[in-house]
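> 3D, please:
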Amino acid sequence: MGILSRSAVGRKPNGTMRLIVTTFVGVVFGFLIGVSFPTLSLTKLNLSSSLLPSVVLSYNENGKSSVSDFYSYVKKNSSSSQSQRVNDTSKIWVPTNPRGAEMLPPGIVEAESDFYLRRLWGKPSEDLTTKPRYLVTFTVGINQKKNIDAAVKKFSEDFTILLFHYDGITNEWDDLEWSKRAIHVSVRKQTKWWYAKRFLHPDIVAPYDYIFIWDEDLGVEHFDAEEYIKLVRKHGLEISQPGLEPNKGLTWQMTKRRGDREVHKQTEEKPGWCTDPHLPPCAAFVEIMAPVFSRSAWRCVWHMIQNDLVHGWGLDFALRKCVEPAHEKIGVVDSQWIVHQTVPSLGNQGESQNGKAPWQGVRERCRKEWTMFQMRVANAESAYFKAMEMYNSTNSH
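Below is the predicted model of the structure:
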């Protein structure tokens with residue numbers, strides 16, 4: 001027993017020393033590892049939005065950034081490397097601000113704008129006597145001036161009027177009284193979807209409850225914009241269009257006006273056209289000539305518009321991806337209806353090539369874009385689901 005006791009007592013100092021040395025080496029190693037990695041920034045990582053803190057998403061959804069959001073973010077992430085940058089009181093770094101504006105204090109950030117016209121004098125707070133709640137855009141040429149004049153007069157002062165001029169002619173509209181308060185954007189030989197992608201960003205049109213993106217060749221004798229809005233709200237439509245006069249050439253039964261109801265959301269098509277009664281073109285479908293979007297629906301649709309595909313063909317079949325359930329929230333307003341006059345004015349803006357008329361080249365481009373858009377959607381969805389399958393497989397082990 002004496003030998004065992006002596007042996008144990010004799011080894012104790014060596015064990016203590018080993019513990020001290022091990023601890024010291026661990027601290028030094030940990031320090032070296034820490035300083036060897038740069039500070040991570042959430043704003044420079046391409047992460048899924050579902051992985052980001054809810055406070056970061058609150059800016060994108062509400063279009064606002066606030067000090068309370070910032071403090072909430074710091075509290076939730078106090079142990080992260082990001083908080084080290086946030087807690088540096090000598091500099092401003094606000095991760096809840098829009099991308100690129102992290103160095104600004106939240107109180108000065110204005111992430112949204114509008115089309116409200118302002119004065120060059122007086123107090124800014126007194127510039128606006130009214131703020132229109134809706135936006136209507138027309139893509140126009142001077143040859144349709146009379147038709148556009150009739151159409152605009154169907155929209156009250158609660159609508160901002162925005163004209164996209166594809167022929168470069170703007171001064172000739174000045175004799176119309178409403179033209180003085182309208183906004184005119186002129187770029188030659190461009191389509192309404194080219195304009196929409198570049199001038200109707202969701203943060204620019206955020207003040208408007210509904211956005212009308214219309215062609216120039218629409219007869220509006222039986223249309224009232226205020227009544228239309230009431231029906232859209234009543235029936236919960238996020239994406240809609242007025243019914244089309246049935247006696248004019250129709251492509252789709254879904255957009256044909258029905259005289260016995262206010263709104264319809266489904267129809268029957270030719271045999272074999274609809275694989276599912278809740279899918280286009282039998283439901284969840286409107287055409288691209290006269291669509292109307294809610295603010296939230298447009299935020300999604302804008303991101304789906306391809307930058308290089310200017311005609312929008314195929315977009316009508318994909319709109320359903322932006323609302324849920326689509327067969328309930330996309331529909332046609334029958335009691336406020338329009339006539340599609342099918343004036344081929346934009347087609348004549350093309351160029352004659354290889355002996356073909358200008359409109360033929362435009363039509364060929366439309367068909368090509370439809371095929372390209374369908375392929376992009378299919379490929380994007382396939383890639384997403386494949387990535388999700390790999391992710392789930394990795395995390396299940």
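> okay, and the helix or strand of the protein with the least pLDDT?
Within the chain, no helix or strand scores below helix 54-62, which has a mean of 40 by mean pLDDT, DSSP states H and E.
> for the chain, longest strand please?
strand 330-340 (DSSP state E).
> buried ones in whichever helix or strand comes after that strand?
Downstream of strand 330-340, the first helix or strand assigned by DSSP states H and E is helix 358-395. Within helix 358-395, the residues scored as buried using 16 or more other C-beta atoms under 10 Å are 359, 361-363, 366, 369-370, 373, 377. C-beta coordinates here come from the backbone N, C-alpha and C atoms, glycine included.
> Stretch 218-227 too?
For stretch 218-227, using 16+ other C-beta under 10 Å, the buried residues are 218-220, 223, 225.
> With respect to Val310, which of the buried residues of helix 358-395 is nearest?
Glu369 (7.4 Å; C-beta to C-beta).
> just to revisit the earlier point, give me the mean pLDDT for the longest strand of the chain.
Mean per-residue pLDDT for strand 330-340: 96.
> That strand pairs with which strands, parallel or anti?
Applying DSSP bridges to the sheet, strand 330-340 is found paired with strand 218-219 (antiparallel), strand 239-244 (parallel), strand 263-264 (antiparallel).
> Buried deepest among those strands, which one?
strand 239-244 (a mean of 26; mean count of other C-beta atoms under 10 Å).
> which outside residues touch that strand?
For strand 239-244, contacts defined as C-beta atoms under 8 Å, 6 or more residues apart in numbering pick out 223, 228, 232, 250, 255-258, 286-287, 289-294, 297, 301, 319, 322-323, 329-340.
> start to end distance for stretch 294-310?
Using C-alpha to C-alpha, to the nearest Å, one end of stretch 294-310 lies 22 Å from the other.
> Then stretch 288-296?
Using C-alpha to C-alpha, the end-to-end distance of stretch 288-296 comes to 18 Å.
> Stretch 187-198 too?
For stretch 187-198, the first-to-last residue distance is 11 Å (C-alpha to C-alpha).
> what sits up against stretch 189-206?
Stretch 189-206 is contacted from outside by 63, 111-115, 135, 137, 139, 162, 164, 166-167, 185, 187, 211, 213, 215, 288, 295, 298-299, 302, 305, 307, 309-312, 315, 346, 349, using C-beta under 8 Å, 6+ apart.
> got the buried residues for that stretch?
In stretch 189-206, counting by 16+ other C-beta under 10 Å, buried: 190-197, 199-202, 205-206.
> Could I get the average pLDDT for stretch 178-191?
Mean pLDDT, stretch 178-191: 96.
> And stretch 343-351, by the same measure?
Average pLDDT, stretch 343-351: 69.
> can you list the weak-confidence ranges in the stretch 1-150 of the chain?
Low-confidence segments of the stretch 1-150 of the chain, defined by pLDDT under 70: 1-88.
> Go again with 80.
Filtered on pLDDT under 80, the stretch 1-150 of the chain yields the residue ranges 1-89.
> Please consider this matter closed, and thank you.
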